[in-house]
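Participant: here is my input, please return the structure:
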Amino acid sequence: MIMGSPVLAGRTALVTGAASGIGAAVALAFAEAGASLALVDRAQGPGLDAVRDRCAEHGVDVVAVRADVAVEDDVRRMFGDARAALGPVDTLVNNAGILTESPVATMPTALFDEMVAVNLRSVFLCCREAVGPMVDAGFGRVITIASQVGQRGGAGLAHYAAAKAGVIGFTKSLARELGGSGVTANCIAPGPVDTPLGGGSLSPAWTQSLMAGLPLGRQGRPDEVAPTAVLLASVPGGNLYTGQTLGPNSGDVML
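Facilitator: Below you'll find the model as predicted:
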């Protein structure tokens, strides 16, 4: 597979959390690779439209949809809008997420519940909507952005780690359910990445401690994570991956 070649030509992908960060980078990489795109975000600012316009410069069909992936009715609507505009969705990228920091002893229940709703429940809702038509078509790719924190844990991030670990377990189970159907399900678990999500959500002390332990000595960039998503979505590049968690994490977790 060569980045920039149309390895996803003829494909239709729905990417959540596409207005910035890893979601925007994945959208742009998919557009460069030739995929039609439904870009989803709940943000009301100009970010999503700007990413849509940049993707369209690659000559692919792109539609932007405002939706909250933690809300069941929104998920149904966004898939309906995507299919009405672009046809069947054969690739789902579950990227939308939030990041907050709190010790367990003082964590409000609402903070925990919000984390699970946005980072885990949303993956279930989107996958439930997506995989039936994929199975009927005999082909599909489900790619979910997890986190290395879901593999190693993190002080002050128990709710985030629990949600991301849940995503990994959910994806493994989904991969087993879909085995033999032509549909694969995998996770990408990045390490620290320079994004709006990570930049202002963690305390300086937590960030400094994490950075000090990275074998590569630096955090990643969104464009360094996106090629892994292109690989998993591609044929034949992604054919043999299912139930896997790929780790562009600067060496923070080594498996």
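Participant: tell me where this structure has strands.
Facilitator: 12-16, 36-41, 62-66, 91-94, 140-145, 183-188, 245-246 (DSSP state E).
Participant: Leu216 is nearest to which of the ones you listed?
Facilitator: Proximity to Leu216, assessed across those by C-beta to C-beta, is greatest for strand 245-246 (15.9 Å). Where C-beta positions appear, they are placed from N, C-alpha and C, glycine not excepted.
Participant: by contact count, what packs against the closest one?
Facilitator: strand 183-188 (3 or more C-beta pairs under 8 Å, 6 or more residues apart in numbering; DSSP states H and E).
Participant: any idea of the angle the strand it packs on forms with strand 140-145?
Facilitator: Here strand 183-188 runs at an angle of 10 degrees relative to strand 140-145 (axes from the mean of the first three to the mean of the last three C-alpha atoms, to 10 degrees).
Participant: and strand 183-188, what's buried?
Facilitator: Across strand 183-188, burial judged by 16 or more other C-beta atoms under 10 Å covers 183-188.
Participant: can you point out the buried residues in stretch 160-174?
Facilitator: 160-168, 170-172, 174.
Participant: what does it contact?
Facilitator: 94, 99-100, 115-116, 119-120, 123-124, 127, 131, 142, 144, 146-147, 149-154, 185-187, 189, 243, 245 (C-beta atoms under 8 Å, 6 or more residues apart in numbering).
Participant: kindly format the C-alpha coordinates of it as CSV.
Facilitator: Output of stretch 160-174 as CSV, limited to C-alpha atoms (Å, rounded to 0.1, in the frame of the first residue of the first chain):
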residue,chain,number,x,y,z
TYR,A,160,-11.1,7.2,30.5
ALA,A,161,-9.1,3.9,30.9
ALA,A,162,-12.3,2.0,31.7
ALA,A,163,-14.1,3.3,28.6
LYS,A,164,-11.1,2.7,26.3
ALA,A,165,-10.5,-0.8,27.7
GLY,A,166,-14.2,-1.5,27.1
VAL,A,167,-13.8,-0.4,23.5
ILE,A,168,-11.0,-2.9,23.1
GLY,A,169,-12.9,-5.7,24.6
PHE,A,170,-16.0,-4.8,22.6
THR,A,171,-14.0,-4.8,19.4
LYS,A,172,-12.5,-8.2,20.1
SER,A,173,-16.0,-9.6,20.7
LEU,A,174,-17.4,-7.9,17.6
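Participant: can you offset everything so residue one is 16?
Facilitator: Let's use 16 as the start, then, which means that last one is stretch 175-189.
Participant: what mean pLDDT does that stretch have?
Facilitator: The predicted model assigns stretch 175-189 a mean pLDDT of 98.
Participant: what do you get for stretch 45-62?
Facilitator: 95.
Participant: tell me how far the ends of it are from each other?
Facilitator: 18 Å (C-alpha to C-alpha, to the nearest Å).
Participant: okay, now the unreliable bits of this structure?
Facilitator: The model of the chain has pLDDT under 70 over residues 16-20, 212-218, 221-222, 225.
Participant: quick check, central residue of it?
Facilitator: Asn110 (2.4 Å; C-alpha atoms, centre = their mean).
Participant: if I pick that one, what's in contact with it?
Facilitator: By C-beta under 8 Å, 6+ apart, the neighbours of Asn110 are 30-33, 37-38, 41, 159-160.
Participant: ok, now with 10 Å
Facilitator: Taking C-beta atoms under 10 Å, 6 or more residues apart in numbering, we find Asn110 in contact with 30-33, 36-42, 55-56, 84, 138, 158-160, 203, 212, 240, 244.
Participant: any idea what sits nearest Ser162, other than its immediate chain neighbours?
Facilitator: Nearest residue to Ser162, sequence neighbours excluded (C-beta to C-beta, 6 or more residues apart in numbering): Lys179, at 4.3 Å.
Participant: re earlier: any chance of the strands of the chain in a markdown table, plus distance to Leu63?
Facilitator: A markdown table is the format used below for the strands of the chain (distance: least, C-beta to C-beta, whole Å):
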| stretch | distance to Leu63 |
| --- | --- |
| strand 27-31 | 10 |
| strand 51-56 | 5 |
| strand 77-81 | 5 |
| strand 106-109 | 15 |
| strand 155-160 | 17 |
| strand 198-203 | 21 |
| strand 260-261 | 26 |
